[in-house]
Structures are given as C-alpha cells and as structure tokens.
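**Student:** requesting a structural model of the entry that follows:
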Amino acid sequence: MAAGGVYNRNSRVQQRGLIPGMRLLERAASAVDLPDAPQPIMIADYGCSGGRNSLAPVATAIETLRRRANTPINVAHTDLPDNDFSALFDTLWNDPASYTAMPAVFPMAIGRSFYHQVLPHDSVTLGWSAWSINWLSRPPAAIPDHVQVSYSADRDTRSAYAHQAEADWRDFLIARGAEMRAGARLVVVLAAADDDGTAGYRPMFDAAWAGLRALVDEGLLDEDFY
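**Tutor:** Below is the predicted model of the structure:
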C-alpha cells in the first residue's frame, strides 16, 4: 500500500459499503460473551490499512460493549508489514472521529499477514475485517489475458486462483479459531461474486485491461510489467 495516507484519501466507496457490516458488528458486540473482569476486552481489526475506515466500526463496537461492561478495551489493528502504519497512527491520534478519545481504550498495531496467527490464543473477544479478505496471500500465477481473474479465458489460471482463495480462507479461519475466545464473534465484510462467478464491475475491469494493452502497444510499458 502506498504511503502518505493514499488509501485514507481514496476509499470512500469501501467506506460506504461498511454500513451493513457495521449493523452486524453492533449485533455481535451486543451478544458476544465477555471476559470476566479485570480481564480486558480485545477487539481485533484484521486489515486496517491507513485506519480511516476502521474508526466508525471500532467506535460502534466500543460504544456497544461499554453499555455492557466498564473493563478496559484493547484494539489491535493488523495489516501486512509494509502497510502505511504512519497514516494509521496519525489517524488514530489526530482524526476528530477517532475512538481514542473514549476512556480506557488502548490501541495497538501488528504488522503481519492475517493468514497467520497474529494474536495470542484465546485473547480476542470481537473480530472485524472489511474488504481485506479479497486480497490473496500471494498471486498463484500471472493472469495472461485480463486484470481480473474471473474474466480470464484461461481455465488453468482461474483454477489456480480458486485453489489459492480456498487455501487462504482456510488459513484465515484456522488462525482466527486459535486467537478467539470461547463465545467470541467475528464479522467479515467482503465483495461477493455474481451468480456466474464473476466479480462484477466488468466495464471498469475491461477498460483497465484495454488501457494497459494500449500502453504496451505504444511502447510505454514492457509486456511483463502487468
């Protein structure tokens, strides 16, 4: 992810798409089993990016949990090691909408892929992940004829991505199963496929592919760049 708060400034579509998930998160926070005092509550934000789109969901969870308990709340924001953590910290401490103004709330950040365990066993009370699961742990193959694999005509490529997605989802759930306490809740927001298995937004993806091909044809990009 590019540094300098790029994601924070260019993720309004993702932000608007959080609303249905936030309703589920509020319901989860209302029903989740809480640890006995004085153990703190742990909220895990899996895939925080620059933090802007984490503020409202985490604040919603905290406000709901605070109606049930006054124990301290830890918030663990996780993302890849090369994430824009500087933007995250600046957002947490300086954004007027930040939840850090609430009492007895303690944020932290962890730079590791969530396809591995990132928090101790039996430590997480409430988990949240928005859009990040759509990113695979690695690209299993180059896509020879498009920018979006579901629009590729290459069956082997589509199969490789399907197998990688299945393996990543399994690894994600195994890691969360280790981290989450008995009775914990996890809310995941991600883009779904159409009934035919495609990703939607076809005109946009086709335009991106056509633009890349035009740059290659004009000699402005090497064939292997994309």
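**Student:** all helices of the chain, in order?
**Tutor:** 6-9, 12-16, 19-31, 55-66, 85-94, 155-179, 202-217 (DSSP state H).
**Student:** out of the ones you listed, flag the one nearest A142.
**Tutor:** Taking C-beta to C-beta, helix 155-179 is the member of the helices of the chain nearest to A142, at 7.8 Å. For glycine as for every other residue, the C-beta is placed from the backbone atoms N, C-alpha and C.
**Student:** so which elements touch the closest one?
**Tutor:** strand 124-130 (3 or more C-beta pairs under 8 Å, 6 or more residues apart in numbering; DSSP states H and E).
**Student:** what sits up against the strand it packs on?
**Tutor:** 14, 17-18, 21, 25, 28-29, 32-35, 41-47, 53-54, 57-58, 61, 65, 76, 114, 176, 179-181, 184-190 (C-beta atoms under 8 Å, 6 or more residues apart in numbering).
**Student:** the residue positioned nearest the centre of the chain: what's it in contact with?
**Tutor:** Nearest to the mean C-alpha position of the chain, by C-alpha atoms, centre = their mean, lies S132 at 2.8 Å. Applying C-beta under 8 Å, 6+ apart to S132 gives the contacts 46-47, 49, 79, 114, 190.
**Student:** how about 6 Å then?
**Tutor:** By C-beta atoms under 6 Å, 6 or more residues apart in numbering, the contact list for S132 reads G47.
**Student:** could you report the pLDDT at it?
**Tutor:** pLDDT, S132: 91.
**Student:** now swap in Y226 and tell me
**Tutor:** 55.
**Student:** and what of G200?
**Tutor:** At G200, the model reports a pLDDT of 82.
**Student:** so where's this structure shaky on pLDDT?
**Tutor:** In the prediction, the chain carries residues with pLDDT under 70 at positions 1-17, 225-226.
**Student:** select the longest strand from it.
**Tutor:** Of all segments of type strand in the chain, defined using DSSP state E, the longest is strand 180-189.
**Student:** so what secondary structure elements neighbour that one?
**Tutor:** Applying 3 or more C-beta pairs under 6 Å, 6 or more residues apart in numbering; DSSP states H and E, we find strand 180-189 packed against helix 19-31, strand 124-130.
**Student:** among those, which is the most enclosed?
**Tutor:** Ranked by mean neighbour count under mean count of other C-beta atoms under 10 Å, those are led by strand 124-130, which reaches a mean of 25.
**Student:** for the closest residue to S152 other than its chain neighbours, grab the count of nearby residues.
**Tutor:** Spatially, and ignoring its direct neighbours in sequence, S152 is nearest to H146 (4.8 Å; C-beta to C-beta, 6 or more residues apart in numbering). H146 has 18 neighbours, counted by other C-beta atoms under 10 Å.
**Student:** just checking, H146 touches T157?
**Tutor:** No. Using C-beta atoms under 6 Å, H146 is not in contact with T157; the gap is 9.1 Å.
**Student:** list the contacts of V58.
**Tutor:** Counting by C-beta under 6 Å, 6+ apart, V58 makes contact with 75, 99.
**Student:** from V187, how far out is it?
**Tutor:** Distance of V58 to V187, computed by C-beta to C-beta, to the nearest Å: 12 Å.
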